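**Q** quick one, fold the following:
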Amino acid sequence: MGSLFAELARQASANARREVDTYLREIPELGFLDADAPAMAEALEYAVWFRRRTVELAPDNGILTDDDLGYIASMGEARAAAGMSVTSRQRVLRVHTELMLREINEATEAQRGESLDELMRIMAWFAPQGERGIGAYRQGFVTVLQRRLPYVEQVALLARALLTQDPAAGELARVAGLPLAGHYAVTVIRVPDRPAGDRDLENEIEALAKTHEVPVTWYPARGGRGGELIALIPATDDDTARDGTARDGTARDVTAQRHASTGAASDAGQSGAGQEDLPEPLDRSTGLVQDFAGALGRPCAAGTATAPLSGLADALDRARRISRAAPLRRSSARLRPHTMADVFVELAVADVPLADDWLRTVARRLEPGPDLLHTLDTYYRHDMNRGATAAALNVHPRTLDYRLRRARELTGLDPNSTHGVRALSSAVTRSLSGAWR
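**A** Numbers count the residues shown, from 1 in each chain. So this is what the prediction gives:
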């Protein structure tokens, strides 16, 4: 054995102790080792073993055996069984790799650079065998997660990893049995604060995750019983363009699709054409939104935005803002997530207090009624089709005509004019979104 390897062997115990001390200092979840003597002894024994095994194998470029990899995997299993998070697991692997490289550098300096050949040999060994060791550790960790975590927690961890670009996303996808896509439609379902008597949503979210088999997670609101359900629907690059956020001209296509699918049917669930024309991610998001809204039993609002893996955080921000601008609606066969193309006016208005205050004044003028906000909402969602609107409202067409005249009298805006459509549709959407409550 050369002098570099001899130096590493001499320092194995001290370096192992330093590694465990670093874990205790930098990774709070491993703080239990201080109070658990057997676990501390096991951690030190493993750290010493790995260093001595490195010194045994590296000189002749030997490979880690199946027994070696099994031992490494068992440590990953032990950490997962102790409840260590995936984030802390990543930090453990990072700290271990950094310290091993540091130890090699220190041993090289102790030999005053006279062990160049040995240095090249150990570095040539370290990369491939280190990768195999990390893979075994991760596999052991994943194996326990699959046994230990309920499915709903598995997909929640995956959703959060994808949204934060966590390198563990690939492993978490394997835990949940879900293939990773190159693009996702991030869908946010906004749930306003619910009464104290309403049941919790854990069972509904678990059923949703199992039915749709997509990453999904719940973000509770602070100080209330509302929150956001966030789902990631696999998509493609074309879908990223089609959602109206990536390429010029696509917003018109999305609007046309939504009009086709909603123009002939109301939120009461009437049948109509056009549903088959939806892009697949929007169609899958629609099914998920409808299922969740049905289980919720209360009005909610959904927004969706599509992006590649590297842009999911921005897509979440867009989808969240869209959901907050979208009107709250109850479950129906025609409930759909909104896209940027649906509420871009309302999003812009929300950032201009002068315009928003004016729209709020318009909405207040409609309050004397009868039921003018709902009437205008239904009228515009049916593309101002008089017969379809009257049928959806279950009123006579003449009653609808009276209500439209009444809206014009109260606001000075003709619901059928270009000016009236722009102002009144925005006022209605802002009001139904709950933004002014």
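**Q** and the residue nearest to Asp401 when sequence neighbours are not counted, how far is that from Leu393?
**A** Spatial nearest neighbour of Asp401, chain neighbours left out: Arg386 (7.7 Å); criterion: C-beta to C-beta, 6 or more residues apart in numbering. Every residue, glycine included, has its C-beta placed from N, CA and C. Here Arg386 is placed at a distance of 11 Å from Leu393 (C-beta to C-beta, to the nearest Å).
**Q** next: Met384.
**A** Distance of Met384 to Leu393, given as C-beta to C-beta: 13 Å.
**Q** Leu347 now?
**A** 28 Å.
**Q** name the residue in the two with the higher neighbour count.
**A** Using other C-beta atoms under 10 Å as the criterion, Leu347 and Leu393 rank with Leu393 on top: 20 against 17.
**Q** how about the secondary structure of Gly434?
**A** coil (DSSP: H, G, I helix; E, B strand; the rest coil).
**Q** now it: phi and psi?
**A** Dihedral pair for Gly434: phi 80, psi 10, per degrees, to the nearest 10.
**Q** please apply the same query to Arg190.
**A** According to degrees, to the nearest 10, Arg190 has phi -90, psi 130.
**Q** for Val216, which residues make a bridge with it?
**A** With DSSP bridges as the criterion, Val216 is bridged to Ala231.
**Q** show me where the stretch 151-300 of the chain has its helices.
**A** Assigned helices in the stretch 151-300 of the chain, in chain order: 151-163, 169-176, 202-212, 237-240, 250-262, 280-296 (criterion: DSSP state H, counting those that start in this stretch).
**Q** what ranges do the strands span in this structure?
**A** 183-191, 216-220, 227-235, 301-308 (DSSP state E).
**Q** isn't the residue nearest to Asp401 up against Pro397?
**A** Yes. Counting by C-beta atoms under 8 Å, Pro397 is a contact partner of Arg386 at 5.8 Å.
**Q** so what's Leu93 closest to, chain neighbours aside?
**A** Ile134 (5.7 Å).
**Q** what's the burial count for the one you found?
**A** 15.
**Q** if I look at it, how far off is Asp166?
**A** From Ile134 to Asp166 the distance is 16 Å (C-beta to C-beta).
**Q** list the contacts of the closest residue to His183 other than its chain neighbours.
**A** Among residues not flanking His183 along the chain, Ala235 sits closest, at 4.3 Å (C-beta to C-beta, 6+ apart). Each residue near Ala235 by C-beta atoms under 8 Å, 6 or more residues apart in numbering is listed here: Ala181, His183, Tyr184, Ala185, Glu280, Pro281, Thr306.
**Q** in the chain, what secondary structure element scores lowest on mean pLDDT?
**A** In the chain, the helix or strand scored least confidently by mean pLDDT, DSSP states H and E is helix 250-262, which has a mean of 36.
**Q** quick check: Arg148 touching Ala81?
**A** Yes. Using C-beta under 8 Å, Arg148 is in contact with Ala81, at 6.9 Å.
**Q** okay, now the unreliable bits of the chain?
**A** Within the chain, the segments meeting pLDDT under 70 span 1-2, 113-114, 237-280.
**Q** and the residue most central in space within it, how far from Arg102?
**A** In the chain, the centroid-proximal residue (C-alpha atoms, centre = their mean) is Ala159; its distance is 4.1 Å. Separation of Ala159 from Arg102 (C-beta to C-beta): 35 Å.
**Q** export the strands of the chain to TSV and append columns for distance to Arg318.
**A** Below are those laid out as TSV (distance: least, C-beta to C-beta, whole Å):
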stretch	distance to Arg318
strand 183-191	8
strand 216-220	16
strand 227-235	12
strand 301-308	4
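**Q** how about stretch 52-67: buried residues?
**A** Buried residues in stretch 52-67, counted by 16 or more other C-beta atoms under 10 Å: Arg53, Thr54, Val55, Leu57, Ala58, Pro59, Leu64.
**Q** contacting residues for the closest residue to Arg18 other than its chain neighbours?
**A** Nearest residue to Arg18 in three dimensions, chain neighbours excluded: Leu99, at 6.9 Å (C-beta to C-beta, 6+ apart). Neighbouring residues of Leu99 by C-beta under 8 Å, 6+ apart: Asn15, Arg18, Glu19, Thr22.
**Q** residue contacts, the first one?
**A** Yep, that's Asn15 we're talking about. Residues in contact with Asn15 (C-beta under 8 Å, 6+ apart) are Ala47, Arg51, Leu99, Glu103.
**Q** which one of those is nearest Leu4?
**A** Proximity of those to Leu4 (C-beta to C-beta) peaks at Glu103, which lies at 10.9 Å.
**Q** now the end-to-end length of stretch 346-359.
**A** Stretch 346-359 stretches 10 Å from its first residue to its last (C-alpha to C-alpha, to the nearest Å).
**Q** how far does that stretch sit from its chain's centre?
**A** With C-alpha atoms, centre = their mean, to the nearest Å as the basis, stretch 346-359 stands 29 Å off its chain's centre.
**Q** how about stretch 429-437?
**A** 25 Å.
**Q** CA atoms only for it, dumped as CSV, please.
**A** Backbone C-alpha positions of stretch 429-437 (Å, rounded to 0.1, in the frame of the first residue of the first chain) are rendered in CSV as follows:
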residue,chain,number,x,y,z
THR,A,429,-65.5,38.2,-12.7
ARG,A,430,-63.8,40.4,-10.1
SER,A,431,-66.9,40.2,-7.9
LEU,A,432,-67.3,36.5,-8.1
SER,A,433,-63.6,35.9,-7.4
GLY,A,434,-64.2,37.1,-3.9
ALA,A,435,-61.4,39.8,-4.3
TRP,A,436,-63.6,42.5,-2.9
ARG,A,437,-64.8,40.7,0.3
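**Q** any idea how far Leu359 is from the closest residue to Ser426 other than its chain neighbours?
**A** Excluding its sequence neighbours, the residue lying closest to Ser426 (C-beta to C-beta, 6+ apart) is Val345, at 5.2 Å. For Val345, the distance to Leu359 equals 10 Å [C-beta to C-beta].
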